[in-house]
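> my questions are about this predicted structure, shown below with the sequence.
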Amino acid sequence: MNWTTPADLRARVQRWWDDGDLLACASGAGAPFPRRFLCKGPASGELVERFDAVRLWSAALCSMPQVRVEMREFRHAVLGRNALPHQVWVDTLDDALAIVGKKRDTARYLGLFDMVRTRQPALAGWMQANPLRTLALEADWPQLLDVVGWLQAHPRPGIYVRQVDIPGVHGKFIESRRSVLGELLDLALPAGAIEGSSKGMHGFAARYGFRDKPLRVRFRMLDAAHRLLDAAGEQDMTLDAESFARLTPVASRVFVTENEINYLAFPAMADSMIIFGAGYGFDMLAQAEWLRHRQLIYWGDIDTHGYAILDQLRARLPHVRSLLMDSATLLAHRELWSTESKPLSRDLPRLDGVEADVYDALRNMTLGRNVRLEQEMIGYGWLLRRLDELSGCGRVAPKAEAAP
């Protein structure tokens, strides 16, 4: 039996609640009332065959509270003149809320709506568009409004979030609410107080003028003759990006690798240094203008994301070359291939011809499904031979071998 039941009607009204429509309507948005349901009822043959069931069905709908049932009269060859439910109306928002038992929740929402609209009128539209989120944040609204008001009074403050001094609001609150605060601040702050190029939770500090924790660059000098410190030892160093940008290292060749073990095991080389990359994002390198005047060589995984990282690095430093990201390396290590879980398929316009051929083979699955070769799987001897092939390489620096 596929007839409209009271449970069907309650489920429809519940969807209105779950979509936020009823709360939006309560604050002046959303579809107006009354609202109508068309009833799906018995076919002509069922009226005779299931007369008692039809009578009970009609009575159940007509006795349902908070709805108005509109009947349609018809003449049946056997039963004569009769009337059955045709349309059901929910006449008011109050009726709809009673059906799903949400009157108290709606009163809470309206209390929040009035408070926010009074203190920050620009946020009223956000609350109407996000009524269920508004309710979920009920306990946070006083602090959220305090933060919005503070930034209106102190646009682009130039301090760390931890230094914001608002009674009852601590730095962890702001950090943990960056997502919703970003949506609210975009509506409440003037355009001049927002850095449009910084987006998302990770761009929160820069977008609204806070100081952000400094980006850091980890690197090693591969030529002991050009150590930055006089002391012996590995000298695996980390600097903030600004300090790294001010370096003037004696190194005409700079390698970048994504794998930490490969970074640490990279052999000594004359006139060279190596940087430990961090996947997508090269903001920490972009500040170092001197990198534009060095031979820059990137070594990543042979998979679609490895080539995407290379493509992104070239957007900042167009002269970068790749190392061990070619078909010969891939095919020579076939037994060590693994599977890439979420491969990319978009075009990467900054790859050269050799790189693009391998990338196309990977994304088109010419060599198999989701093939990848992680860089740590490449034989160390294969790496050494390729480094020896680099023009003017001088792989093992004599002074590095003699260093204590």
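Okay, I see it. Numbering: from 1, shown residues only.
> how about the longest helix along the chain: buried residues?
For the chain, the helix with the greatest residue count under DSSP state H is helix 103-119. By 16 or more other Cβ atoms under 10 Å, the buried positions in helix 103-119 come out as 105-106, 109, 112-113, 116-117. The way it works is simple: take the backbone N, C-alpha and C, and place the C-beta from them, glycine included.
> those helices in the stretch 51-200 of the chain, which residues are they?
With DSSP state H, counting those that start in this stretch applied, the stretch 51-200 of the chain shows helices at 51-62, 93-100, 103-119, 124-129, 131-136, 141-153, 171-176, 178-188, listed in chain order.
> could I get those as a markdown table with mean pLDDT and distance to Leu264?
Supplementary listing: the helices of the stretch 51-200 of the chain in a markdown table, determined by pLDDT from 0 to 100; distance: least, Cβ to Cβ, whole Å:
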| stretch | mean pLDDT | distance to Leu264 |
| --- | --- | --- |
| helix 51-62 | 85 | 74 |
| helix 93-100 | 96 | 61 |
| helix 103-119 | 97 | 53 |
| helix 124-129 | 96 | 49 |
| helix 131-136 | 96 | 46 |
| helix 141-153 | 97 | 43 |
| helix 171-176 | 92 | 32 |
| helix 178-188 | 97 | 34 |
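> centre of the chain to the longest helix of the chain, how far?
Mean-position distance between helix 103-119 and its chain equals 30 Å (Cα atoms, centre = their mean, to the nearest Å).
> need the contact partners of that helix.
Counting contacts by Cβ atoms under 8 Å, 6 or more residues apart in numbering, the residues outside helix 103-119 that touch it are 22-23, 26-27, 94, 97, 123-124, 127-128, 131, 134-135, 138, 141, 145, 149.
> out of those, which end up buried?
22-23, 26-27, 97, 123-124, 127-128, 131, 134-135, 141, 145.
> tell me the two of these that are most distant?
Maximum pairwise distance in the buried ones among the contacts of helix 103-119, criterion Cβ to Cβ, is 26.5 Å, between Leu97 and Leu145.
> distance to Gly182 added to the buried residues of helix 103-119, as CSV?
Formatted as CSV, the buried residues of helix 103-119 follow (distance: Cβ to Cβ, whole Å):
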residue, distance to Gly182
Asp105, 26
Thr106, 27
Tyr109, 22
Leu112, 19
Phe113, 21
Val116, 17
Arg117, 20
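> then stretch 140-148 to CSV, C-alphas only?
The C-alpha trace of stretch 140-148 is given here as CSV (Å, rounded to 0.1, in the frame of the first residue of the first chain):
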residue,chain,number,x,y,z
ASP,A,140,29.5,30.4,21.9
TRP,A,141,27.6,33.4,20.6
PRO,A,142,28.5,35.9,23.3
GLN,A,143,32.2,35.2,22.8
LEU,A,144,31.9,35.1,19.0
LEU,A,145,30.3,38.6,19.0
ASP,A,146,33.0,39.8,21.4
VAL,A,147,35.7,38.7,18.9
VAL,A,148,33.9,40.3,16.0
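> who's in contact with that stretch?
112, 115-116, 119-120, 123, 134, 137, 164, 166-169, 173-174, 177, 180-181, 184-185, 188.
> mind giving me the ChimeraX command for buried ones among the residues you listed?
In ChimeraX, a selection of the buried entries from the contacts of stretch 140-148 looks like this (16+ other Cβ under 10 Å):
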select :112,116,120,123,134,137,164,169,173,174,177,180,181,184,185,188
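> isn't Leu132 right up against Ala24?
No. Using Cβ atoms under 8 Å, Leu132 is not in contact with Ala24, being 9.7 Å away.
> these two - which one has more neighbours?
Per other Cβ atoms under 10 Å, whichever of Leu132 and Ala24 has more neighbours is Ala24, with 20 against 15.
> what pLDDT does that one get?
What the model reports for Ala24 is a pLDDT of 95.
> for it, helix, strand, or coil?
With DSSP: H, G, I helix; E, B strand; the rest coil as the basis, Ala24 sits in helix.
> phi, psi of Phe276?
The phi and psi values for Phe276, taken as degrees, to the nearest 10, are phi -90, psi 110.
> okay, now it: neighbour count?
By the criterion of other Cβ under 10 Å, Phe276 has 20 neighbours.
> tell me how far it lies from Thr257.
Look at Phe276 and Thr257: by Cβ to Cβ, to the nearest Å, they are 7 Å apart.
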